[in-house]
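Participant: sequence first, then the predicted structure:
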Amino acid sequence: MQVSRMAGSLIGSEIIKIGNEVNDMIRKGEQICNLTIGDFDPSIFPIPEELQQEITLAYQAGHTNYPPANGMAGLREAAATFTRTRLGLEYSPNDFLVAGGSRPLIYATYLALVDPGDKVVFPVPSWNNNHYCHLSSAQGVMVETRAENNFMPTAEELAPHLEGATLLALCSPLNPTGTVFTREGLEAICDLVLAENKRRQPGEKPLYLLYDQIYWLLTFGTTEHYDPVNLRPELRDYTIYIDGISKCLAATGVRVGYAFGPAVVIDKMKAILGHVGAWAPKAEQVATAKYLPQSEKVDGFLGQFKEKVQRSLDTLHQGLQDLKTAGYPVDSMVPMGAIYLTAKLDVLGKKTPAGQVLTTTKELTSYLISEARLALVPFSAFGNDHTAPWFRMSVGGASLDSIEAALPRLRAALDSLV
């Protein structure tokens, strides 16, 4: 059977593949600490009680028909107010677009801006931009980032690639690293985008900036979140924000995301998603619209939620640092935001007890699942080389007890390598 060239050459998600394999093992009764999928176990991280109640009430009230294609007016108004009061970004509710999570919104951004063959620049590691480039027939330009910069792209690294590009895709806090832009770092990139657009001729497509800030409410300690338009208001006409409740309210399955930005782009995204039908369920939209204005309830939930997430991240980080101090070839980055820890396991070239020489991080991932009952995602799933010794640890689906129990198993598995 013949299919399209795009479909025939589409590569599946390595993250989902690993996660599915681990879930199959868990269903068979195996005890595995699953740090793969960027999701939440509701028994560990439930959504806010008030949000759950509002969803139930919305279904009981009969909100089971189609919502407006661009989102319920009440939700767009609530999201606009939430964004203004908490971020200082002033956008009309008409400049907001609601969809079933952030994925359709990112895809719609690509389709609204990118023609086949257009250049899209994005850093690696980063989540899914390579797949969105494939889906939109874009020319993806992957820019390698460095550990010494917390894997956040710098203006110096991006500058050589922006000439003629249509889209620069950025994310902060970053999936997969859990690191964030500094103010100075993002300002320098914003200035690059402005300078590039000033060089372009009238009628030439500008360089747009897709800014995925879905994790922005999940920052820890003294870490601050920065965004392009607050730093450089002149970027307002070129920046499309991706946001929503999926991560900050542990509500991945509730499927309420929203984008906002220049009306000319948002309107085209509305038209695209109107044909696709990727809207969030109406009851969940009604419930979110009622929950977001409850500032005290939102802050109360975020306070305990962030504390719990950070405790898991800090436990992993400290465990790896203890191994490092003991002489093991491992390391980790201080968690700054999101639900991810960046871990380094530099053991390629070593031999397993079964006699296998580990040559790729994929092989190391399989070894850790079988020997340490610990499941991680290698950075090769986010665009890095298959020998890069870096991994994402996602804490949303594992209890603190499970994480604590996995650390000695990791040590034992490393001890078994020769």
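Facilitator: It's in. Because the structure is a prediction, the values reported are computed rather than measured.
Participant: show me which helix or strand of the protein is least confident by mean pLDDT.
Facilitator: helix 14-27 (a mean of 78; mean pLDDT, DSSP states H and E).
Participant: in its sheet, which strands sit next to the following helix or strand past that helix, and in what direction?
Facilitator: Per DSSP states H and E, the first helix or strand lying C-terminal to helix 14-27 is strand 33-34. Paired with strand 33-34 in the same sheet, following DSSP bridges, are strand 374-375 (parallel).
Participant: residue 352 and residue 358 touch, don't they?
Facilitator: Yes. Contact criterion Cβ atoms under 8 Å: residue 352 and residue 358 qualify, at 6.7 Å. Where C-beta positions appear, they are placed from N, C-alpha and C, glycine not excepted.
Participant: what's the overlap in contacts for these two?
Facilitator: Counting by Cβ atoms under 8 Å, 6 or more residues apart in numbering, the common neighbours of residue 352 and residue 358 are 367, 417.
Participant: number of residues surrounding the nearest residue to residue 382 once chain neighbours are set aside?
Facilitator: Nearest residue to residue 382, sequence neighbours excluded (Cβ to Cβ, 6 or more residues apart in numbering): residue 125, at 3.5 Å. For residue 125, the neighbour count with other Cβ atoms under 10 Å is 23.
Participant: contacting residues around residue 125?
Facilitator: The neighbours of residue 125, taking Cβ under 8 Å, 6+ apart as the test, are 145, 151, 174, 176-177, 379, 382-384, 390, 392.
Participant: read off the pLDDT value for it.
Facilitator: Listed pLDDT for residue 125 reads 97.
Participant: which of the contacts of residue 125 sits closest to residue 110?
Facilitator: Comparing these against residue 110 with Cβ to Cβ places residue 383 closest, at 16.3 Å.
Participant: how about stretch 40-60: buried residues?
Facilitator: Within stretch 40-60, the residues scored as buried using 16 or more other Cβ atoms under 10 Å are 40-41, 44-48, 50-52, 54-55, 58.
Participant: need the max-distance pair from those residues.
Facilitator: Top of the distance list for those (Cβ to Cβ): 44 and 58, 25.2 Å.
Participant: which members of the buried residues of stretch 40-60 occur in helices, if any?
Facilitator: Counting by DSSP state H, these place 50-52, 54-55, 58 in helices.
Participant: how about the residue nearest to residue 194 when sequence neighbours are not counted, secondary structure?
Facilitator: Leaving aside its chain neighbours, residue 194 sits nearest to residue 234 (5.8 Å; criterion: Cβ to Cβ, 6+ apart). Three-state assignment for residue 234 (DSSP: H, G, I helix; E, B strand; the rest coil): helix.
Participant: how close does residue 234 sit to residue 243?
Facilitator: Separation of residue 234 from residue 243 (Cβ to Cβ, to the nearest Å): 21 Å.
Participant: same check, this time on residue 199
Facilitator: To residue 243, residue 199 is 30 Å away according to Cβ to Cβ.
Participant: the two: who's more crowded?
Facilitator: residue 243 (27 against 11).
Participant: and the contacts of residue 125 as JSON lines, adding distance to residue 414?
Facilitator: Formatted as JSON lines, those follow (distance: Cβ to Cβ, whole Å):
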{"residue": "145", "distance to residue 414": "26"}
{"residue": "151", "distance to residue 414": "23"}
{"residue": "174", "distance to residue 414": "27"}
{"residue": "176", "distance to residue 414": "22"}
{"residue": "177", "distance to residue 414": "22"}
{"residue": "379", "distance to residue 414": "19"}
{"residue": "382", "distance to residue 414": "23"}
{"residue": "383", "distance to residue 414": "26"}
{"residue": "384", "distance to residue 414": "21"}
{"residue": "390", "distance to residue 414": "16"}
{"residue": "392", "distance to residue 414": "18"}
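Participant: can you pull out the strands in the protein?
Facilitator: 33-34, 96-99, 119-124, 139-144, 165-171, 208-212, 239-244, 257-260, 330-332, 340-345, 374-375, 377-378, 390-394 (DSSP state E).
Participant: CSV please, covering the ones you listed and showing distance to residue 109.
Facilitator: Formatted as CSV, those follow (distance: least, Cβ to Cβ, whole Å):
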stretch, distance to residue 109
strand 33-34, 31
strand 96-99, 10
strand 119-124, 10
strand 139-144, 14
strand 165-171, 8
strand 208-212, 5
strand 239-244, 5
strand 257-260, 7
strand 330-332, 32
strand 340-345, 23
strand 374-375, 31
strand 377-378, 24
strand 390-394, 23
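Participant: so, low pLDDT: which residues of the stretch 301-418 of the chain?
Facilitator: Of all residues in the stretch 301-418 of the chain, none has pLDDT under 70.
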